[in-house]
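# Here is my input, please return the structure:
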Amino acid sequence: MNIKKLEHCCLVVTTKGVTFITDPGSYSDSQNAVTGVHAIIITHEHGDHFHIDSVKAIINNNPRVTIIANASTGKLLDAAGLAHVVVDGRGSTEVNGVTVEAFDCKHEEVYQEMAQVQNTGYLIDGTFFIPGDSFQVSSFEKPVQVLALPVAGPWCRLPDAIRYALRVKPAKAFPVHDGMIRPGFGGFVAQMLGTILKPSGIEFIAMNANDEKEF
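Numbering: from 1, shown residues only. The predicted structure is shown next:
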């Protein structure tokens, strides 16, 4: 599996010859020029994960692309006249033979009910999990090889991110939801997480914008 991090939670994930873009939000625009995409996966409707103009640009460059989203985001796609497949709850679908499994998990609290939209994590090819904005694991018990670990945000504390990683216990993890981190500080966060998670057998891999790695 090859993963290129564009920025924040926008990733280009290629496995078995099938390419996905995850969460094309407003924190990046390089997704607008990517070609060869088979599917867009959107975890939830917040603007840093779902930017309608970016979705339209991706479709323009990839006319046969499939959009995968939950029911809540699907309503916004409906309003924009964009065809999509609703995959949420414990649903699943396939894209050219690659399985995408949904795991609804509550969006972390910003304050009380503020920002509490439907959030759906997705497991791609039984290997890579992107949780959206959630550290909930009670509904997600499958083994994970690679985890996109949120590390910053108005709802995110590093101790919670660490506990989440320790409970999911992937073989490897890398940082996402870090578009608001000041340049240079991300390296310190990655070093700290790597030191803390290593004794538990989790390899934490630093990834900055436009980094690309094989997993």
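
# max-length helix in the protein?
For the chain, the helix that runs over the most residues, judged by DSSP state H, is helix 185-197.

# neighbouring contacts of that helix?
149, 151-152, 158, 161-162, 165-166, 173, 175, 178, 181, 203-206, 208 (Cβ atoms under 8 Å, 6 or more residues apart in numbering). Glycine gets a C-beta too; all of them are placed from N, C-alpha and C.

# What count of nearby residues applies to the nearest residue to residue 97 once chain neighbours are set aside?
With Cβ to Cβ, 6 or more residues apart in numbering as the criterion, residue 97 has its nearest non-adjacent residue at 6.8 Å, and that residue is residue 16. By the measure other Cβ atoms under 10 Å, the count of residues near residue 16 is 10.

# Tell me which residues touch residue 16, please.
Residue 16 makes contacts with 96-98, 125, as judged by Cβ under 8 Å, 6+ apart.

# Among those, which lie within strands?
Using DSSP state E, residue 98 are the members of those that sit in strands.

# Pull out the buried residues from the lowest-mean-pLDDT helix or strand in the chain.
The weakest-scoring helix or strand in the chain, judged by mean pLDDT, DSSP states H and E, is helix 185-197 (a mean of 91). Going by neighbour count (16 or more other Cβ atoms under 10 Å), the buried part of helix 185-197 is 186, 189-190, 193, 196-197.

# Closest one of these to residue 137?
Distance to residue 137, by Cβ to Cβ, is smallest for residue 197 among these, at 15.5 Å.

# quick one on the thing from earlier: including neighbour count and pLDDT, could the contacts of residue 16 go into CSV?
Formatted as CSV, the contacts of residue 16 follow (neighbours: other Cβ atoms under 10 Å; pLDDT from 0 to 100):
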residue, neighbour count, pLDDT
96, 11, 98
97, 9, 98
98, 21, 98
125, 19, 98
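
# Which of the contacts of residue 16 sits closest to residue 59?
Minimum distance to residue 59 across those is 17.3 Å, recorded for residue 96 (Cβ to Cβ).

# which one is that closest one nearest to, not counting chain neighbours?
Leaving aside its sequence neighbours, residue 96 sits nearest to residue 18 (Cβ to Cβ, 6+ apart; 4.7 Å).
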